[in-house]
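A.B. asks: sequence first, predicted coordinates after that:
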Amino acid sequence: MRYDFDKIINRADTNCVKYDLRKQVFGNPDVLPMWVADMDFETPDFVREAVIKRAEHPVYGYHFKDEAYFQSIAGWLKRRHNWEVKQEWMSFTPGVVCGFTMAVMAFTEPGDEIIIQPPVYPPFHHAVSSHGRKLVYNTLVDRGEGYEINFDQLAEQAKTAKMLILCNPHNPVGRCWTRNELLLLGEICLKNNVLVISDEIHCDLVLPGYKHTPFATLGHQYAMNSITFHAASKTFNLAGLATSTAIIPNESLRKTYVAYVEDMEAHLGNIFGKVSTQVAMEKGDEWLAQLLDYVQGNIDYVSDFLTNNLPKVNFHKPQATYMMWLDFNGYGFSEEELWQKMTLEANLGFNRGKDFGEAGSGFFRINLACPRATVEEAMRRLKAVFD
Ligand SMILES: Cc1ncc(COP(=O)(O)O)c(C=O)c1O
């Protein structure tokens, strides 16, 4: 079966953040919304069918996650990433952000140092700063070939830090970290007793030609010093169902984490999250192959367009995620001028780079999980203002 990713779906007036909060976020209700990381594509038919079937049962009472649920996730991780995950390592978490925030609370104390690698997904910053922990920035460096980790700096920072929150693959810069890079990072953390929280929500969105390395597959010691978060939500467009998985091979860490989640009464979740995740993990391979092919087409389109029409915009093609991270600093405008131009003149709703940390000043993140026609329209608007 060929899935139709060209189909335009009207998402307005569905209480959807991406469309229905445009006025609040951009001061302009008419921006073409290419920000929040969900997709303008239909959630796959087999997922919708399973959810509708369950919804037809007239009682939506409390539920639990059974063996079949966890086996579907284990099966997916083995099949897609060659990672053998034992059932007892896994536990439900309402969302990945909620999960890593609870890990911050469970494993660190106020005042403790936590390393993040900006420019990075804004909740990485909030999970630390909103809870009295101290942010330490191991800012990624771009020497022209793409973003890299500053390992020398990390080795110094790790001496006093308690935790590192890793974005693997990385949002927004689109890096699919190599095994070697992860090993170097993992070694530094092991040596200094820094617990690694690996957010792998984008791991199934690795683009053709690249391969995801789950942090915990680097070796036993690395697995024992890590907590991984996985979800089907980004990949299959289920973010509204708030369901993800914490994977913790280390029994002692697992007990502490699970106890914290239960103390917060955050362990139950919703029945539709269970049903949708399970069926996506069981049947999602073919749909995902087609999705990645389509997204790669969008990325290629934008890359060619910018190179040919707007050469002052700097970028690297992403290796993973459906986002591109575009540098507009070449225009010489201030950050505020750029924001005004983008949102009010070009009518484009892209994520503002500096929300990902100071290193993102003058950048925009653009979400390409949308029909090609939307991407073409965005490029037309961009050219009209920035040519
Ligand atoms: C790196 C990363 N982690 C987590 C999330 C959100 O996860 P959740 O909706 O499960 O909290 C996102 C969403 O964009 C993300 O990019």
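C.D. replies: Looks like it came in fine.
A.B. asks: which phi and psi values does residue 349 adopt?
C.D. replies: phi -100, psi 80 (degrees, to the nearest 10).
A.B. asks: sorry, that was for residue 244
C.D. replies: In terms of degrees, to the nearest 10, the main-chain angles of residue 244 are phi -150, psi 180.
A.B. asks: okay, and the beta partners of it?
C.D. replies: Counting by DSSP bridges, residue 244 is bridged to residue 93.
A.B. asks: where do the strands sit along the stretch 251-387 of the chain?
C.D. replies: In the stretch 251-387 of the chain, the strands defined using DSSP state E, counting those that start in this stretch lie at 323-327, 348-349, 351-352, 363-367.
A.B. asks: among these, which is nearest residue 41?
C.D. replies: strand 363-367 (11.5 Å; C-beta to C-beta). (Glycine included, C-beta is placed from N, CA and C.)
A.B. asks: starting at the chain centroid, how far to that closest one?
C.D. replies: Its chain's C-alpha centre and that of strand 363-367 lie 14 Å apart, by C-alpha atoms, centre = their mean, to the nearest Å.
A.B. asks: again with stretch 206-220
C.D. replies: That offset, for stretch 206-220, works out to 15 Å (C-alpha atoms, centre = their mean).
A.B. asks: tell me if it is near the ligand.
C.D. replies: No. Figure legend: stretch 206-220 not in contact with the ligand (C-beta under 6 Å from any ligand atom); closest approach 13.3 Å.
A.B. asks: how about that stretch: buried residues?
C.D. replies: If you call a residue buried by 16 or more other C-beta atoms under 10 Å, then stretch 206-220 has these buried ones: 206, 207, 212, 213, 214, 215, 216, 217, 218.
A.B. asks: for the ligand, what are the nearby residues on the chain?
C.D. replies: Taking C-beta under 6 Å from any ligand atom, the part of the chain that reaches the ligand is made up of 37, 95-98, 121, 167, 171, 199, 201, 231, 233, 239, 244.
A.B. asks: how does it look with 5 Å?
C.D. replies: Residues of the chain lying close to the ligand (C-beta under 5 Å from any ligand atom) are 37, 95, 96, 97, 121, 171, 199, 201, 239, 244.
A.B. asks: the residue nearest to the second one when sequence neighbours are not counted and residue 209, how far apart?
C.D. replies: When you say that, I think you mean residue 95. Excluding the flanking residues, the one nearest residue 95 by C-beta to C-beta, 6 or more residues apart in numbering is residue 242, at 5.1 Å. Separation of residue 242 from residue 209 (C-beta to C-beta, to the nearest Å) stands at 32 Å.
A.B. asks: try residue 63
C.D. replies: Note on residue 63: its distance to residue 209, by C-beta to C-beta, is 40 Å.
A.B. asks: before we move on, what about residue 278?
C.D. replies: Taken as C-beta to C-beta, the span from residue 278 to residue 209 is 30 Å.
A.B. asks: also residue 197?
C.D. replies: Counting by C-beta to C-beta - residue 197 and residue 209 are separated by 27 Å.
A.B. asks: give me the number of residues near the one residue in the stretch 51-200 of the chain that gets nearest to the ligand?
C.D. replies: Of all residues in the stretch 51-200 of the chain, residue 95 sits closest to the ligand, at 2.9 Å by C-beta to the nearest ligand atom. Residue 95 has 21 neighbours, counted by other C-beta atoms under 10 Å.
A.B. asks: quick one: distance of stretch 369-383 to the chain centre.
C.D. replies: Chain-centre distance of stretch 369-383: 22 Å, with C-alpha atoms, centre = their mean.
A.B. asks: next, the buried residues of that stretch.
C.D. replies: Judged by neighbour count using 16+ other C-beta under 10 Å, the buried positions of stretch 369-383 are 369, 370, 371, 374, 375, 377, 378, 379, 381, 382.
A.B. asks: mind listing residues that contact that stretch?
C.D. replies: 5-8, 32, 34, 37-41, 237, 295, 297-298, 301-302, 305-306, 309-310, 322, 346-348, 366, 368 (C-beta atoms under 8 Å, 6 or more residues apart in numbering).
A.B. asks: residue 136: how many residues sit nearby?
C.D. replies: Residue 136: 22 surrounding residues under other C-beta under 10 Å.
A.B. asks: angles on the backbone of it, please.
C.D. replies: Main-chain torsions, residue 136, degrees, to the nearest 10: phi -120, psi 120.
A.B. asks: may I have the beta-bridge partners of it?
C.D. replies: With DSSP bridges as the rule, residue 136 is bridged to residue 115.
A.B. asks: so how far is residue 190 from it?
C.D. replies: If you go by C-beta to C-beta, the gap between residue 136 and residue 190 works out to 18 Å.
A.B. asks: same check, this time on residue 116
C.D. replies: If you go by C-beta to C-beta, the gap between residue 116 and residue 190 works out to 19 Å.
A.B. asks: which one of these two has more residues nearby?
C.D. replies: Set side by side, residue 116 and residue 190 show more neighbours around residue 116, with 24 against 19, by other C-beta under 10 Å.
A.B. asks: now the more buried one, nearest residue through space, not along the chain?
C.D. replies: Using C-beta to C-beta, 6+ apart and skipping residues adjacent in sequence, the residue nearest residue 116 is residue 124, 4.6 Å away.
A.B. asks: by contact count, what packs against the longest helix seen in the chain?
C.D. replies: For the chain, the helix with the greatest residue count under DSSP state H is helix 285-309. Where contact means 3 or more C-beta pairs under 8 Å, 6 or more residues apart in numbering; DSSP states H and E, helix 285-309 is packed against helix 233-236, strand 323-327, helix 372-386.
A.B. asks: one more pass at 7 Å, please.
C.D. replies: Applying 3 or more C-beta pairs under 7 Å, 6 or more residues apart in numbering; DSSP states H and E, we find helix 285-309 packed against helix 372-386.
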